[in-house]
Every structure is written in C-alpha cells, then in structure tokens.
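Q: Take a look and give me a structure for this.
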Amino acid sequence: MKQVRPRSADLGGLHLATAGSGSGNGWLGYSGEMQTRFAELLTDMYNETSNAVNERDAEFAPTDLPSETRTRLIHSLDSWNFEPHKLPDEEVLACTMMLFEALFRIEHMQDSVGLSLNQIYPLIHHLRRIYRWENTYHNFEHALDVLQCSYIFLRSAGMVPPVSILLDEDPERTWTSARKFDSGSLVTCLGMKELFVVYIAAIGHDVAHPGFTNLFMRNAETPLSMVYDGKSALEQMHCSLLLRVMRHYGLGPLLDDNCGSGGNGSTQSVRKLLSETVLATDMSVHSNFMENFKALVDDGITQSESEAEEGESQLWRRQVLLCQGIMKCADISNPFRPYHVSQHWAAALMDEWTSQAMLEKYMDLPCTNPCSDDPRSEADGQVFFINKFAKPLLELMVEAVPELQPHLDQCQDNLRLWQSRQVDIKPVFETTEKTTSADFLPASSSASLISTISSSSARRRRDDYLTAFPLALPKHH
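A: Sure thing, here's the model as predicted:
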C-alpha cells in the first residue's frame with residue numbers, strides 16, 4: 001500500500017512551517033515534539049485536502065440553456081448591476097463558464113495556456129461543489145461576483161473581449177487587444193497566462209471557506225491555524241485546494257510552466273503567481289500591499305532604462321502587484337457596486353458574522369466580529385470600511401489603471417448614501433469603544449446582541465458548520 005506523503009507540491013506554504021532540511025526549524029520554531037506534532041498535522045492537511053477534492057468529484061454534464069436565457073445572462077454579465085445571488089444554481093454555473101468561454105476568444109489564448117474549455121468546465125463544476133452553500137457571503141455566488149468584477153475591470157482597460165462576443169453568429173470569431181504587451185501602461189504587463197491566472201484565482205480564491213475568520217480559527221486553535229502558525233490560514237487552504245483541483249483536471253503542466261508571456265522568458269511559475277494573487281486577499285496583509293503598490297505607482301508604471309536592464313524581476317513585480325490589486329479590488333468590490341447591490345452583500349456578510357458570533361459564544365471565545373441587524377450599525381460599518389479600506393485601495397488602483405475611475409465615482413456616491421443613513425437613523429446602542437483596523441468594522445452593538453443569543457441557538461449554528469473543511473474546525477467542535 002502506498003504511503004501517504006506528509007507534504008505535497010500543492011500545499012503551497014506548508015513547507016515553510018518545517019523549513020530547514022525537514023527538521024521543523026522554520027518560522028514555527030524547532031523541537032523534537034513540535035516536529036512530530038506538525039508532521040502529523042501536515043499529513044492530516046494532505047489527507048483532508050485529497051478528501052475534499054476526491055469526495056466531491058462528480059461527472060460533469062453541461063446544462064443546455066435556452067437561447068433566450070443564454071442571451072439574457074450574457075447581457076447581465078456585461079452589466080455592473082450584476083446580481084449572481086438572484087440566479088438559480090444552473091445559471092450561476094453557466095455565467096461562470098461563459099466568462100471563461102469569452103476569455104478563450106482571445107486569439108491564441110488556448111495555445112498560450114495549453115488548455116481547452118473542456119478541461120475548464122468540469123473544474124468549475126468541481127470547485128462549485130467544494131464551496132459551502134451554507135455560507136451567506138463566502139459562497140460560490142461571491143466567487144462569481146469577484147470573477148465578473150475582475151472581468152469588468154479588464155474589459156474596461158481593453159485587455160479582454162466583452163462577453164457579448166459570444167452572441168456573434170460565428171463561433172470561431174477571435175478577439176485581439178489593441179494594446180501591445182508591456183507597451184507602457186501598467187495593465188499591459190499582463191499577458192495571456194496572467195489574465196488566465198486572474199480568472200482562475202477569482203473563481204477559486206475562497207474555495208471551501210468555512211464561514212468564519214482567521215482570527216476565530218487562531219482563538220479556537222484549529223488545526224489549520226496551527227499548521228500555518230495563524231498566518232493567512234484560510235488563504236493558504238484556498239490555495240492548496242485550488243491547486244489540487246487544477247492538477248486533478250490536468251492543469252499541472254500549466255501550473256509548473258513559466259509565466260513567460262510576451263516572450264519575456266520569465267522563470268517564475270504560473271503556480272507562484274496564482275498563489276501570490278490568492279494570498280493577497282487576506283486583509284491582514286492589506287497595509288503591506290498598499291505600501292508596495294504605492295511604491296510601484298510612485299516609481300512610475302512605465303518601463304525605465306534601469307528596469308530594462310533588470311528585465312524579468314521588474315516585470316514580474318509589476319505582474320504580481322497588478323494581479324493582486326485586481327483581485328483585492330474585486331474581492332471587496334461591494335462598495336463599488338450600485339447601492340442596492342452593495343446593500344445585499346453588506347447584509348450577507350453581517351449575517352455570516354452573526355453566525356460566527358453565536359459559535360464564539362457557545363465555545364466561550366471572545367467576540368471578534370461585529371454582528372447586528374441594526375440598520376445604524378450596518379451604515380456605521382460601511383462608512384468605516386469604505387473610508388478605511390475600499391476607497392483608498394480603489395483610488396490607488398485608478399492611478400495605475402485610469403479606466404477604473406467610474407467605479408471610484410460609484411464608491412463615492414455610495415459613501416454619501418451610507419453617510420446619509422447614519423444621520424437619518426439613530427443608533428440603537430451607544431458605545432465609546434474604539435475599533436482597530438484589524439476589526440475592519442466598528443462593533444457598536446455586538447456585545448449586546450450576543451448576550452441575547454440562547455445556548456440552543458448557538459448550538460444550532462454550531463451544527464451548521466459540520467460540513468466545513470475538517471481542519472478549519474475547532475478540535476472539540
């Protein structure tokens with residue numbers, strides 16, 4: 001019987017935990033006891049990742065949509081008012097696949113990535129099965145929302161064709177960008193492989209999300225958090241699962257291939273770019289990204305003589321930071337959407353945080369997220385988040401990609417509307433408690449709400465998590 005390896009090339013940063021000739025003296029520290037302990041955790045991580053992939057494998061049977069339905073969905077994908085949470089499951093899957101179908105209309109895209117759509121379709125279907133439908137926010141509809149937002153950003157910049165190309169009577173019609181590779185503007189540093197990475201990162205960036213946060217897992221001492229020493233544990237898990245599913249469908253050669261778009265001869269792998277892009281969605285590294293991206297913008301986004309000498313390393317830096325920037329903006333794009341769409345996602349996130357608060361109460365853990373159905377608290381939270389994170393990020397992105405300006409205008413309009421709600425609605429709870437940047441939103445009424453949660457309700461919410469990725473659950477769950 002073949003022995004299970006304790007590590008896998010697909011486990012991303014796991015080897016960092018035991019770096020140093022396999023003796024366990026990486027950033028987790030070294031001791032004989034720790035070496036055994038984390039060897040077991042790494043083995044568990046490998047096994048559970050394999051189980052999550054294999055147990056949800058199913059034969060893919062594409063759904064034939066009526067032509068009028070397909071046309072309606074194509075038009076909705078080209079709209080900034082896109083609302084995937086209102087679509088039935090088969091249309092959510094269809095929209096995802098059509099975005100990739102349009103991407104593959106780029107001339108030579110299929111040859112560049114070495115894939116066919118017949119490999120992409122079952123991969124998407126498989127990822128959909130690993131996402132937790134119980135999550136009100138971090139679900140497959142959110143993943144599609146992030147993918148569609150990424151598409152809108154890239155379409156606005158002239159880097160990908162409109163989805164409406166699929167309405168063309170000629171199914172073989174291809175599209176070529178008028179913008180030459182690395183021709184001055186930052187966005188042109190993305191070649192075909194990099195564009196594909198943005199798409200696949202978007203649809204897989206939250207796969208198997210358990211519905212609670214990294215901070216909760218650290219406080220609960222979950223095995224997953226222990227493996228990664230509390231450092232981007234969720235994002236590392238998403239990477240591991242996404243990479244495993246991709247290899248499962250024959251995308252290993254692409255992952256191991258060099259980026260090398262535009263003939264730049266890059267020695268950096270597609271896998272590394274994909275991992276760097278997904279890991280950047282952890283808000284605990286947000287300030288570090290902002291510093292790095294600002295430095296890139298301040299240095300000038302065109303290729304300088306010194307950069308031409310260094311060549312690959314500077315191009316790689318720009319590609320990584322831009323892919324990360326697009327992904328981060330798309331991931332927190334709710335405040336950029338039309339106000340009614342933004343309201344839905346704000347409420348969905350608050351509901352998910354309320355479920356976590358119930359679990360924290362049941363486990364006697366500190367409350368780490370605001371949770372309230374109070375409209376004033378919702379408005380306070382949105383104003384705080386937009387001012388602290390969303391707006392500064394998008395402002396910086398607009399400096400690099402000016403075509404995103406309309407989305408910044410929408411964000412500013414939404415901010416004014418949320419501020420008006422603050423004025424119109426009296427707070428239900430008063431507090432002098434200050435909120436740190438790590439809290440993301442002010443928790444004006446969390447404690448009062450949690451105190452009303454019954455043990456039976458908390459237990460019910462606890463049981464809702466039994467379908468989550470096992471290593472993300474507390475040891476005594």
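Q: low-scoring stretches of this protein, by residue?
A: Filtered on pLDDT under 70, the chain yields the residue ranges 1-39, 56-58, 61, 260-267, 301-312, 371-373, 426-463, 476-477.
Q: So for it, which residue is the most central one in space?
A: Nearest to the mean C-alpha position of the chain, by CA atoms, centre = their mean, lies H205 at 3.5 Å.
Q: got a list of what that one touches?
A: 143, 146, 235, 238, 242, 277-278, 281, 327, 331 (CB atoms under 8 Å, 6 or more residues apart in numbering). The way it works is simple: take the backbone N, C-alpha and C, and place the C-beta from them, glycine included.
Q: For stretch 342-353, buried residues please.
A: Within stretch 342-353, the residues scored as buried using 16 or more other CB atoms under 10 Å are 342-343, 345-346, 348-350, 352-353.
Q: before we move on, what SS does D351 have?
A: Under DSSP: H, G, I helix; E, B strand; the rest coil, the three-state class of D351 is helix.
Q: wait, doesn't it sit right on N139?
A: No. Contact between D351 and N139 fails when scored by CB atoms under 8 Å: they sit 11.6 Å apart.
Q: Quick check: next helix or strand after whatever helix or strand A52 lives in?
A: Element membership of A52, judged by DSSP states H and E, is helix 32-54. Next helix or strand after helix 32-54 toward the C-terminus (DSSP H and E): helix 67-77.
Q: same for that following helix, what does it pack against?
A: Packing partners of helix 67-77 (3 or more CB pairs under 8 Å, 6 or more residues apart in numbering; DSSP states H and E): helix 89-103.
Q: what's the angle between the helix it packs on and helix 67-77?
A: 70 degrees (axes from the mean of the first three to the mean of the last three CA atoms, to 10 degrees).
Q: Just the contacts of H205: which are in helices?
A: 143, 146, 235, 238, 242, 277-278, 327, 331 (DSSP state H).
Q: Out of those, who's the most crowded?
A: V278 (29 neighbours; other CB atoms under 10 Å).
Q: in terms of contact, does D256 touch K272 like I think?
A: No. Using CB under 8 Å, D256 is not in contact with K272, being 10.2 Å away.
Q: neighbour count winner among those two?
A: Taking D256 and K272 together and counting by other CB under 10 Å, K272 has the greater number of neighbours (17 against 12).
Q: check which helix or strand covers the more buried one.
A: helix 270-279.
Q: helix or strand right after that helix?
A: helix 286-299.
Q: which secondary structure elements does that following helix contact?
A: helix 312-331, helix 391-400.
Q: So which bits of it are buried?
A: 286, 289-290, 292-293, 296-297.
Q: want to throw those residues into a markdown table with distance to S164?
A: Output for the buried residues of helix 286-299, formatted as a markdown table (distance: CB to CB, whole Å):
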| residue | distance to S164 |
| --- | --- |
| H286 | 34 |
| F289 | 33 |
| M290 | 35 |
| N292 | 36 |
| F293 | 31 |
| L296 | 33 |
| V297 | 32 |
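Q: which among the residues you listed gets closest to S313?
A: L296 (13.0 Å; CB to CB).
Q: State the distance from that closest one to E399.
A: Remark: distance between L296 and E399 (CB to CB, to the nearest Å) = 10 Å.
Q: Likewise for N118?
A: Using CB to CB, N118 is found at 40 Å from E399.
Q: more neighbours, the two?
A: Taking neighbours as other CB under 10 Å, N118 and E399 compare with E399 leading, 16 against 10.
Q: Name the nearest residue to the more buried one, ignoring sequence neighbours.
A: Setting aside the residues directly before and after it, E399 is nearest to V297 in space (CB to CB, 6 or more residues apart in numbering), at 5.0 Å.
Q: How about the contacts made by M246?
A: M246 touches 123, 200, 252, 254-255, counting by CB under 8 Å, 6+ apart.
Q: Mind listing residues that contact stretch 288-299?
A: Counting contacts by CB under 8 Å, 6+ apart, the residues touching stretch 288-299 from outside are 186, 280, 317-318, 321, 324-325, 328, 392-393, 396-397, 399-400.
Q: Give me the distance from stretch 380-400 to the chain's centre.
A: Centroid separation for stretch 380-400 versus its chain: 17 Å, with CA atoms, centre = their mean, to the nearest Å.
Q: now do stretch 316-332
A: Mean-position distance between stretch 316-332 and its chain equals 11 Å (CA atoms, centre = their mean).
Q: ditto for stretch 179-199
A: Centroid separation for stretch 179-199 versus its chain: 20 Å, with CA atoms, centre = their mean.
Q: How about stretch 124-133?
A: Chain-centre distance of stretch 124-133: 14 Å, with CA atoms, centre = their mean.
Q: got the ones in helices among the contacts of H205 as a markdown table, with distance to F196 columns?
A: Putting these into a markdown table (distance: CB to CB, whole Å) gives the following:
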| residue | distance to F196 |
| --- | --- |
| A143 | 16 |
| V146 | 15 |
| E235 | 20 |
| H238 | 18 |
| L242 | 13 |
| T277 | 11 |
| V278 | 14 |
| M327 | 13 |
| D331 | 18 |
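Q: from those residues, which is closest to L154?
A: Of the ones in helices among the contacts of H205, the one sitting nearest to L154 (CB to CB) turns out to be M327, at 11.5 Å.
Q: For the closest one, which non-adjacent residue is spatially closest?
A: Closest to M327 by CB to CB, 6+ apart is T277, at 5.2 Å.
Q: show me the contacts for that neighbour.
A: Neighbours of T277 in contact, by CB under 8 Å, 6+ apart: 197-198, 201, 205, 320, 323-324, 327.
Q: do you know how far T277 is from A201?
A: 4 Å.
Q: Can you work out which residues contact both of those two?
A: 323, 327.
Q: Helices of the stretch 151-300 of the chain, residue ranges please.
A: Here the stretch 151-300 of the chain has its helices, by DSSP state H, counting those that start in this stretch, at 192-204, 214-220, 223-227, 233-248, 252-256, 270-279, 286-299.
Q: thinking again about what came up before, out of the helices and strands packed on helix 286-299, which is closest to R132?
A: That would be, of these and by CB to CB, helix 312-331, which comes in at 17.2 Å.
Q: Run through the neighbouring helices and strands of that closest one.
A: helix 140-156, helix 192-204, helix 270-279, helix 286-299, helix 391-400.
Q: between the ones you listed, which gets nearest to P370?
A: helix 286-299 (18.0 Å).
Q: correct me, but S185 touches A178?
A: No. Using CB under 8 Å, S185 is not in contact with A178, being 11.7 Å away.
Q: Would you mind telling me which of these two has more residues around it?
A: Counted by other CB under 10 Å, S185 and A178 do not tie: S185 has more neighbours, with 17 against 5.
Q: Relative to A202, how far out is that one?
A: Counting by CB to CB, the gap from S185 to A202 is 21 Å.
Q: now swap in L242 and tell me
A: 11 Å.
Q: follow-up on the earlier one: ranking the helices and strands packed on helix 286-299 by burial, who's on top?
A: helix 312-331 (a mean of 22; mean count of other CB atoms under 10 Å).
Q: contacting residues for P470?
A: The contact partners of P470, by CB under 8 Å, 6+ apart, come to E48.
Q: hmm, back to that, kindly provide the distance from the residue nearest to E399 to I326.
A: 14 Å.
Q: before we move on, the earlier item: if we compare the helices and strands packed on helix 312-331, which one ends up closest to I106?
A: Of the helices and strands packed on helix 312-331, nearest to I106 by CB to CB is helix 192-204, at 6.5 Å.
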